[in-house]
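Enquirer: please find the sequence and the predicted model below.
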Amino acid sequence: MKRLVRPELLDTLSPEDPRAVHSRRDLRRINWWMRNHVIMARVLGKNLTAAPERITELGAGDGHFLLRLAKEMSARWRRVDATLLDLQDNFSAPTLASLRALGWHPEAVVADVFAWSPPGDAGSVFVANLFLHHFDDAQLSRLLQKVSQNTQLFVAIEPHRFTAPWLVGQLLWLIGCNGVTRHDAVASIRAGFAGVEISARWPDQSNWQLTEHRAGWFSHLFVARRRE
């Protein structure tokens with residue numbers, strides 16, 4: 001099954017729309033069950049011997065994923081500058097406060113990722129959770145080009161694409177997810193990745209170590225680490 005990128009409902013709704021509020025709550029539960037924050041923490045711990053100078057999350061949503069990641073890394077990482085980038089202003093003040101309580105220094109940035117200018121820290125790490133699948137192949141190539149020029153390590157967790165995504169929509173209905181979440185889950189899987197589709201679009205493969213494979217039941221992991 002080829003990738004099929006279609007607009008997701010949550011991206012078209014106002015952040016204050018009750019359906020959007022419900023769906024963001026659904027997504028926090030789904031992310032917890034998928035354990036993507038645990039997968040991300042394991043990969044970062046394997047690839048980094050110390051905390052980075054800055055960690056940037058692309059498509060940070062309301063910030064809950066980065067908070068969960070920070071809690072996973074809190075025993076090893078302190079005083080981390082964190083940039084949370086998203087197109088919509090969905091950032092939760094309590095979430096940002098919780099990051100500060102862990103010793104992190106979060107900065108919420110509302111911007112289009114293609115128009116945004118990264119800080120350019122030499123030790124910067126970029127992460128993305130369920131973000132890359134929003135872009136068609138041409139846009140993805142542009143995004144990966146930008147990422148490769150501004151980080152030493154990039155870790156992305158995306159939906160794993162399979163042939164019967166409608167089954168996930170039915171399962172989400174059983175656990176109380178609303179129509180927005182169910183629609184977007186199916187759309188996300190159809191736009192997700194399999195094999196080494198992200199690696200194939202990484203712009204500078206000779207100077208990077210690339211890893212890409214399925215992770216868990218529904219997730220797809222991509223790691224790009226600059227060679228020393």
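Expert: All right, it came through fine.

Enquirer: which element is the closest residue to residue 178 other than its chain neighbours on?
Expert: With C-beta to C-beta, 6 or more residues apart in numbering as the criterion, residue 178 has its nearest non-adjacent residue at 4.8 Å, and that residue is residue 22. For glycine as for every other residue, the C-beta is placed from the backbone atoms N, C-alpha and C. Residue 22 is part of helix 18-34 when elements are defined by DSSP states H and E.

Enquirer: now the element after that helix, going C-ward?
Expert: Past helix 18-34, the next helix or strand by DSSP H and E is helix 36-47.

Enquirer: that older thread, off-centre distance for the helix holding residue 22?
Expert: The chain centre lies 14 Å from the centre of helix 18-34; the measure is C-alpha atoms, centre = their mean, to the nearest Å.

Enquirer: ok, stretch 26-39 next?
Expert: So, by C-alpha atoms, centre = their mean, the centroid of stretch 26-39 is 11 Å from its chain's centroid.

Enquirer: what does stretch 67-87 give?
Expert: Distance, stretch centre to chain centre, for stretch 67-87: 13 Å (C-alpha atoms, centre = their mean).

Enquirer: for stretch 114-121, same thing?
Expert: How far stretch 114-121 lies from its chain's middle: 17 Å, per C-alpha atoms, centre = their mean.

Enquirer: for it, give me every contacting residue.
Expert: Contacts made with stretch 114-121 from outside it, assessed by C-beta atoms under 8 Å, 6 or more residues apart in numbering, are listed as 53-54, 56, 81, 83, 85, 109, 124, 142-143, 146, 150-151.

Enquirer: ok, and the closest non-adjacent residue to residue 195?
Expert: Leaving aside its sequence neighbours, residue 195 sits nearest to residue 212 (C-beta to C-beta, 6+ apart; 7.6 Å).

Enquirer: which pLDDT value belongs to the residue nearest to residue 178?
Expert: The model reports residue 22 with a pLDDT of 88.

Enquirer: how about residue 170?
Expert: Reading off the confidence values, residue 170 has pLDDT 65.
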